[in-house]
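**Q** Quick check, what structure comes out for this input:
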Amino acid sequence: MHIVSLLLSLLLLFDPAALFLEREEPVLLPVLMYHEVKYTEPGKDSILPEEMESDLRYLAEEGYSTVLMEDVIRFVYAGEELPEKPILLSFDDGYASNYRYLFPLLQKYHAKAVISIIGKSADEFSLLPDDGGPYVHASWKQLLEMRDSGLVELQNHSYDLHRDDHTTHGCTRSWGEDMTAYALRIRQDADRLQEELYEKTGTPASTFAYPYGYYDEVLEGMMEELGFAATLTCDFGVNRLTRDPDCLRGMKRICRSHGADLEALLNHAKAVSAA
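**A** Predicted coordinates:
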């Protein structure tokens, strides 16, 4: 079965009547965006393990419950309820540091996280020893171990479109590229990782995280046609979830960088989204 058809058939298993369930108030869902958790070179896309533990401790003390995209999608499509204060921890790229430092913390605090992987990187680093160097990506063995724990959900961050150079800018259309060729390139890349995820886990990804956050309405339409129920951007803010599937398109995130105050970040995001 084609991956798109498979994912759409899974969504159809939800009660169609749930799409018409009304809620007086939308559910607010902050999505924190991380990349690496490691001891070296902390910065915009990397925080220290102590900071990650501080985040998890703070969220638990403040009554937040970590959820996965599966929970969010079931809320929208199947009418299933979310915890009172849901929050989603998203990690882009699938670095080995997620396995080395994040995973033990998730186990310690019984927290959940979504890791959006780059397929080619997972394939290549599965053939290499983990030497602990910079920008080492997790192997499939490590990714599957985390997934099998029930604490980690694997999502699609493209197979090989996480590049930003003179010819390629994530999933955006290249200069002079024919629309037909562009659509085919995006489909083939997304489907390649979807097929691999299905082969290794029995389930394709439900969510596509845009490389570098680059996206537009045309790309959003493509992702919907490809069968992705949700997309993650780098737009700042808090998401307002309803029973309308459109609320899963172009979901906002809050970038958590080294040295940032998590409480202040969350309050700022909520204020921006309420304005």
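**Q** So which residues of the chain form strands?
**A** Taking DSSP state E as the test, the strands found in the chain are 27-29, 31-34, 36-37, 46-47, 65-66, 86-93, 113-117, 152-156, 207-209, 230-236, 239-241, 251-255.
**Q** Need the winner for burial among the ones you listed.
**A** strand 207-209 (a mean of 28; mean count of other C-beta atoms under 10 Å). Bear in mind the C-beta positions are built from the backbone N, C-alpha and C, glycine included.
**Q** angle of the helix ranked longest in the chain against strand 152-156?
**A** When the chain is parsed with DSSP state H, its longest helix is helix 179-201. Helix 179-201 and strand 152-156 are oriented at 160 degrees to each other (axes from the mean of the first three to the mean of the last three C-alpha atoms, to 10 degrees).
**Q** sorry, back to before: now tabulate the strands of the chain in a markdown table and tack on mean pLDDT and distance to R185.
**A** Output for those, formatted as a markdown table (pLDDT from 0 to 100; distance: least, C-beta to C-beta, whole Å):
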| stretch | mean pLDDT | distance to R185 |
| --- | --- | --- |
| strand 27-29 | 97 | 31 |
| strand 31-34 | 98 | 26 |
| strand 36-37 | 96 | 28 |
| strand 46-47 | 97 | 30 |
| strand 65-66 | 98 | 35 |
| strand 86-93 | 98 | 21 |
| strand 113-117 | 98 | 19 |
| strand 152-156 | 98 | 15 |
| strand 207-209 | 98 | 15 |
| strand 230-236 | 98 | 18 |
| strand 239-241 | 98 | 29 |
| strand 251-255 | 98 | 24 |
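**Q** Go through those strands and name the closest to Q107.
**A** Nearest of those to Q107, taken as C-beta to C-beta: strand 152-156 at 10.2 Å.
**Q** Would you mind extracting the C-alpha trace of the closest one into CSV?
**A** Taking Å, rounded to 0.1, in the frame of the first residue of the first chain, the C-alpha atoms of strand 152-156 are listed here in CSV:
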residue,chain,number,x,y,z
VAL,A,152,9.7,9.1,21.8
GLU,A,153,7.8,9.6,18.6
LEU,A,154,9.7,9.7,15.3
GLN,A,155,8.5,12.2,12.6
ASN,A,156,9.6,13.3,9.1
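**Q** now for the longest helix of the chain, which elements pack on it?
**A** The contact analysis (3 or more C-beta pairs under 8 Å, 6 or more residues apart in numbering; DSSP states H and E) places helix 179-201 against helix 3-12, helix 119-125, helix 140-148, strand 152-156, helix 217-225.
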